[in-house]
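Peer 1: coords below, sequence missing:
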């Protein structure tokens with residue numbers, strides 16, 4: 001794999017944060033939680049998440065599931081847990097959605113979430129990137145909602161079927177029956193809130209770890225992605 005330089009703040013217009021992943025023992029990128037605290041705790045237990053491990057979420061910590069506030073508190077209170085902003089966090093900040101009993105600290109935390117997190121040749125965003133454009137041409141909104149830049153939502157074609165680097169992009173947003181692993185793209189939204197699974201990618205072990213989850217909402221018919229083989 002070609003090693004690309006880290007994303008430089010002066011080269012992009014979106015809200016971006018860099019991490020030093022080498023300072024942690026294990027690093028996990030975790031899919032869309034959607035307010036499912038029990039699933040998150042079970043996944044962290046399954047991972048044997050240690051005191052010098054790092055968990056990075058692909059966004060959509062909130063909405064649809066039973067306890068968005070508790071998930072926010074769990075992630076916010078741990079210096080080992082980081083998240084990018086998802087489109088569901090953005091909907092709340094834009095007053096397009098309500099969340100139960102959030103306090104000013106919750107709102108400030110949501111506002112503080114970056115749109116992208118990177119280390120070495122890895123980039124974590126919620127939606128994805130447009131293969132036809134450089135990172136410098138992407139806005140915050142692009143990274144939050146990218147799915148089918150030249151298509152129609154879940155009908156595809158999906159950005160990750162065409163993307164060819166140079167950064168490896170971890171993403172959520174598009175609900176998948178199985179996690180997607182391409183050379184340059186790793187998809188982690190496996191329908192936690194819809195009775196699917198909550199999935200993490202173990203960077204050191206180069207493997208997926210998933211736990212089954214109860215259904216909190218029925219999965220809409222239109223949310224069935226069929227990635228290219």
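Peer 2: Nice, I can see it. Since the structure is predicted, the reported quantities are computational estimates derived from the model, not experimental observations.
Peer 1: you'd agree residue 76 is up against residue 109?
Peer 2: Yes. Under the criterion of Cβ atoms under 8 Å, residue 76 makes contact with residue 109 at 4.8 Å. Glycine gets a C-beta too; all of them are placed from N, C-alpha and C.
Peer 1: Name the nearest residue to the residue nearest to the spatial centre of the chain, sequence neighbours excluded.
Peer 2: If you average the C-alpha coordinates of the chain and look for the closest C-alpha using Cα atoms, centre = their mean, you land on residue 58, 1.3 Å from that point. Once its chain neighbours are removed from consideration, residue 58 has its nearest residue in residue 172; the separation is 3.6 Å (Cβ to Cβ, 6 or more residues apart in numbering).
Peer 1: residue contacts, the one you found?
Peer 2: 31-32, 58-60, 86, 126-127, 187-189 (Cβ atoms under 8 Å, 6 or more residues apart in numbering).
Peer 1: Need phi/psi at the spatially closest residue to residue 27 that is not a sequence neighbour.
Peer 2: Residue nearest to residue 27 in three dimensions, not counting chain neighbours: residue 203, with 4.3 Å by Cβ to Cβ, 6+ apart. Backbone dihedrals for residue 203, given as degrees, to the nearest 10, come out at phi -70, psi -40.
Peer 1: try residue 73
Peer 2: The main-chain torsion angles of residue 73 are listed as degrees, to the nearest 10 and equal phi -60, psi -40.
Peer 1: Next one: the closest residue to it other than its chain neighbours from residue 82, what distance?
Peer 2: With Cβ to Cβ, 6+ apart as the measure, residue 106 is the residue that lies nearest to residue 73, at 7.8 Å, once sequence neighbours are left out. For residue 106, the distance to residue 82 equals 16 Å [Cβ to Cβ, to the nearest Å].
Peer 1: Same question for residue 12.
Peer 2: 18 Å.
Peer 1: With residue 221 instead?
Peer 2: 34 Å.
Peer 1: one step back: the contacts of residue 172 into CSV, with extra columns for distance to residue 196 and secondary structure?
Peer 2: Output for these, formatted as CSV (distance: Cβ to Cβ, whole Å; DSSP: H, G, I helix; E, B strand; the rest coil):
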residue, distance to residue 196, secondary structure
31, 10, coil
32, 10, coil
58, 15, coil
59, 17, coil
60, 14, coil
86, 17, coil
126, 18, coil
127, 19, coil
187, 13, strand
188, 11, coil
189, 9, coil
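Peer 1: Closest to residue 165 out of these?
Peer 2: Nearest to residue 165, judged by Cβ to Cβ, of those is residue 187 at 15.7 Å.
Peer 1: Phi first, then psi, for the residue nearest to residue 58.
Peer 2: Comment: the main-chain dihedrals of residue 172 come out as phi -120, psi -130, following degrees, to the nearest 10.
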